[in-house]
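Engineer: predicted structure and sequence below. I'll ask about it afterward.
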Amino acid sequence: MTKACRYGTHRVISPKGTLPQPAQKLDNTMTIFDNEVLIDVTTLNIDSASYTQIKKACNSDAGKMEEMILSIVEERGKMQNPVTGSGGMLIGTVREIGPNFPKNKLKIGDRIATLVSLSLTPLKIKSIKKLTPLSDQVDVDAQAILFESGLFAILPDDIPEKLALAALDVAGAPAQVDRLVTEGDIVCIIGGGGKSGILCCYQAMQNAGPSGKVIVVEYSKENAQRIVDMNLATDVIVADATNVMDVYGKVMAITGGRGCDVTVNNVNVPSTEMTSILITKGQGCVYFFSMATSFTKAALGAEGVGKDINLIVGNGYAKGHANLTLNIIRESKPIRELFEKLYV
Amino acid sequence: MKKGNKYGIHRVIEPKGVLPQPANKIDNNMDEIYDNEILIDVQTLNIDSASFTQIEEQAKGDKAKIAEIMLGIVAKQGKHRNPVTGSGGMLLGTVEKIGDAIIGKTDLKVGDKIATLVSLSLTPLRIDKIKDIRSDIDQVDIDGKAILFESGIYAKIPDDMPANLALSALDVAGAPAQTAKLVKPGDTVLIIGAGGKSGMLCCYEAKKRAGVTGKVIGLCHSEKSTQRMRDLGFCDYVFAADATQPVPILEKIEELTNGKMCDVTINNVNITDTEMTSILCTKDTGIVYFFSMATSFTKAALGAEGVGSDVTMIVGNGYTKGHAEITLQLLRESEKLRKVFTELYA
């Protein structure tokens, strides 16, 4: 075994000097370096943007989709969609652990989900066992490599694997809410009705407590009603988050003109930065989880209105995030039932 | 006087419902002001450097053509937002009139000399005449008027330094002020793009806050700026490297910090693909502050997750309370900074 880099740069074939994620091609030889883990893969959870693109390109023909996935992995050594740039996650069993992989974290035979993107994970597919255009979970016979810096979660016995996978996919969001929100805070969750939004609402309600407020801004009436029914917020606003003055007026009415201590943006549409900034109090904080966030719109927007607030780039990883998220599934029966219905 | 909105929405002509910055056209009629506005008699425009470079290129360096392009932008939009770069700049002028509703609420009085610290991309502006174009420092002297909204931020120009020197420092006032808030005694701090205008201010402030037990590392690009930073002596260590190449820089920082990495990394460099370098050089309990407008949100977000780093990443906010005072104070404190700023930018 050869001594290797913590971040997996030893697997980068081209271009040299880059990290595995931006690389064009990775070495997917399934012999491990001294700090790697070999995984027997059973299911790939392809990122939804990537899966939608593949489905469109193949006119929903399962055979063609299989061919396309195999050719991407053949060419790049990883499942990174060349159009969307995104990856996904995987489920598998630990087959072999390098002697320099951090001790006592994993043992051979553990069932794990990797929490780093497939866009940087060396992968070799022997065959695709089951692919249906409707589900972005693809069953495969494959092997993958986890780097020393790679994140994973050991799958629990008390939650079905596919439910766990669906929740772990957005594990960063509720974990960051747990850090940001303290008792008595006024919190606004923009895009509160989606998968990560629901988990954020639950955690925000726990942390803000009876003296705090959790306000949800949601576009879809149906999703908004669900938040009301599940009692996941103190106030629900149905509105288009890109309409700054409408949302601003409604949030100010609820907060008596004070604005929010913490605003969490989960909505995957562009141009919601100003809305997030204006509804947040001076010295407050906006957490952008949305991948549609524009850095310059956020930076110049806050300066333009003279707001001294912290604007934070959503980090999908926070220590302990997998456990916290799985615990929400354990604690909240309504969320568990909803996720089982929608995502499994 | 008519009642105005705090953020200036009353001046937006189209599209309706947006704020003045994203608006395509705003009302720049200065004959009458709203009750919460301040009318400024403008002396100098400090055009954002990306914007000025674009206009200069389009005009092939011809000053008459530059003037024509600038007048065209303001005639069309009612503000000086470059249609290609989207950016604005700042202005220097004298307070001419103050709206009834904010008399007593603002510390300004008629006759005060101020610099606006909100972007020209959202400031109603009328240009009557372009008097002088100083291409080397992106400044244009004009006869004209502008409006400052109630939410607009500004700084009074001090008596003890030339207005142009103050203006050049205020242009990047957010960076050293945020540095002052972030850096604590004993911290190891990396400044990427240390040799530029905001970089130099950040290095000075970082060393002041980190103290003798802390360490400030400056990463520069050109040999010239590296030498200048070494001569200034603000950093404990200065080196030159290409910030888009994470691996060699990571190794260098590991060596300089005995593998502990940095508590705070401040990214000031206006080129793309420096997100991973910033993340990897920072402790996973540390903070990366992105001031660079070339930062990609997705590269930062997915990059940190990809390497399993629990780092806090902050979008640089050009405004923080007291930022103008903090920045001007640096030029008073440091003879070296004042000298280099006067030479390069004033």
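Structural biologist: Done, it's in.
Engineer: what's stretch A:281-291 in contact with?
Structural biologist: A:172-173, A:176-177, A:180, A:191, A:196, A:258-269, A:272-273, A:276-277, A:280, A:298, A:307-314, B:297-298, B:301, B:315 (CB atoms under 8 Å, 6 or more residues apart in numbering or on different chains). Backbone N, C-alpha and C define where each C-beta goes, glycine included.
Engineer: again but with stretch B:198-211, I slipped
Structural biologist: B:169, B:172, B:175-176, B:179-180, B:183-189, B:191, B:193-194, B:214, B:216, B:218, B:220, B:229, B:232, B:234-236, B:264, B:266, B:268-269, B:291, B:326-327, B:330, B:334, B:337, B:340-341.
Engineer: hang on, the earlier thing: just the ones in helices from the contacts of stretch A:281-291, please.
Structural biologist: Secondary structure defined by DSSP state H assigns A:172-173, A:176-177, A:180, A:196, A:273, A:276-277, A:298, B:297-298, B:301 of the contacts of stretch A:281-291 to helices.
Engineer: as CSV, those residues with distance to B:I9, neighbour count and pLDDT would be great.
Structural biologist: Below are the ones in helices among the contacts of stretch A:281-291 laid out as CSV (distance: CB to CB, whole Å; neighbours: other CB atoms under 10 Å in any protein chain shown; pLDDT from 0 to 100):
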residue, distance to B:I9, neighbour count, pLDDT
A:G172, 35, 26, 91
A:A173, 32, 26, 93
A:Q176, 32, 24, 96
A:V177, 31, 29, 97
A:L180, 30, 19, 97
A:S196, 32, 25, 91
A:E273, 17, 28, 95
A:S276, 17, 29, 97
A:I277, 15, 26, 97
A:A298, 20, 25, 93
B:F297, 26, 24, 92
B:T298, 30, 15, 88
B:A301, 31, 23, 91
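Engineer: for the nearest residue to B:N46 once chain neighbours are set aside, pull up the helix or strand it's in.
Structural biologist: Sequence neighbours aside, B:M90 is the residue nearest to B:N46 in space, at 4.7 Å (criterion: CB to CB, 6 or more residues apart in numbering or on different chains). Assessed by DSSP states H and E, B:M90 sits inside strand B:89-98.
Engineer: so how far is that strand from its chain's centroid?
Structural biologist: 18 Å (CA atoms, centre = their mean, to the nearest Å).
Engineer: sec struct for A:P334, please.
Structural biologist: Following DSSP: H, G, I helix; E, B strand; the rest coil, A:P334 is assigned to helix.
Engineer: how many residues are close by it?
Structural biologist: 14 (other CB atoms under 10 Å in any protein chain shown).
Engineer: isn't it right next to A:M230, touching?
Structural biologist: Yes - applying CB atoms under 8 Å as the test, A:P334 and A:M230 come out as touching, 4.9 Å apart.
Engineer: nearest residue to the residue nearest the centre of chain B other than its sequence neighbours?
Structural biologist: Centroid check for chain B by CA atoms, centre = their mean gives B:V172 as the closest residue, at 3.3 Å. Nearest residue to B:V172 in three dimensions, chain neighbours excluded: B:S198, at 3.8 Å (CB to CB, 6+ apart).
Engineer: need phi/psi at that neighbour.
Structural biologist: Torsion angles at B:S198 (phi, psi; degrees, to the nearest 10) stand at phi -70, psi -30.
Engineer: near it, how many other residues are there?
Structural biologist: 26.
Engineer: can you get me a residue count around A:V269?
Structural biologist: Residues lying near A:V269 (other CB under 10 Å) number 12.
Engineer: ok, for it, nearest residue in space, not its chain neighbours?
Structural biologist: Per CB to CB, 6+ apart, closest to A:V269 is A:A292, 5.8 Å.
Engineer: before we move on, back to that, surely the residue nearest to B:N46 touches B:L117?
Structural biologist: Yes - contact criterion CB under 8 Å: B:M90 and B:L117 qualify, at 6.5 Å.
Engineer: name the residues contacting each of the two.
Structural biologist: By the contact definition CB under 8 Å, 6+ apart, B:M90 and B:L117 are jointly contacted by B:L170.
Engineer: could you look up the SS state of residue 70?
Structural biologist: No chain specified, so I'll use chain A. Secondary structure, three-state DSSP: A:L70 is helix.
Engineer: my read: it touches A:I125, true?
Structural biologist: Yes - between A:L70 and A:I125 there is a contact under CB under 8 Å: 6.0 Å.
Engineer: so between those two, which is more surrounded?
Structural biologist: A:I125 (21 against 16).
Engineer: quick check: beta-bridge partners of the more buried one?
Structural biologist: A:I125 has these beta-bridge partners by DSSP bridges: A:A142.
Engineer: how near is it to chain B?
Structural biologist: Noted for A:I125: a distance of 21 Å to chain B, by CB to the nearest CB, to the nearest Å.
Engineer: hmm, A:V140 and that residue touching each other?
Structural biologist: Yes - using CB under 8 Å, A:I125 is in contact with A:V140, at 5.5 Å.
Engineer: name the residues of the stretch 201-344 of chain A found near chain B, please.
Structural biologist: A:243-246, A:274, A:278, A:288, A:291, A:293-296, A:298-319 (CB under 8 Å from any CB of the partner chain).
Engineer: cutoff 7 Å now
Structural biologist: A:243-245, A:274, A:291, A:293-296, A:298-319 (CB under 7 Å from any CB of the partner chain).
Engineer: spit out the contact partners of the residue in the stretch 101-250 of chain B positioned nearest to chain A.
Structural biologist: The minimum distance from the stretch 101-250 of chain B to chain A, using CB to the nearest CB, falls at B:I153 (4.3 Å). The neighbours of B:I153, taking CB atoms under 7 Å, 6 or more residues apart in numbering or on different chains as the test, are A:G306, B:L117, B:V118, B:Y319.
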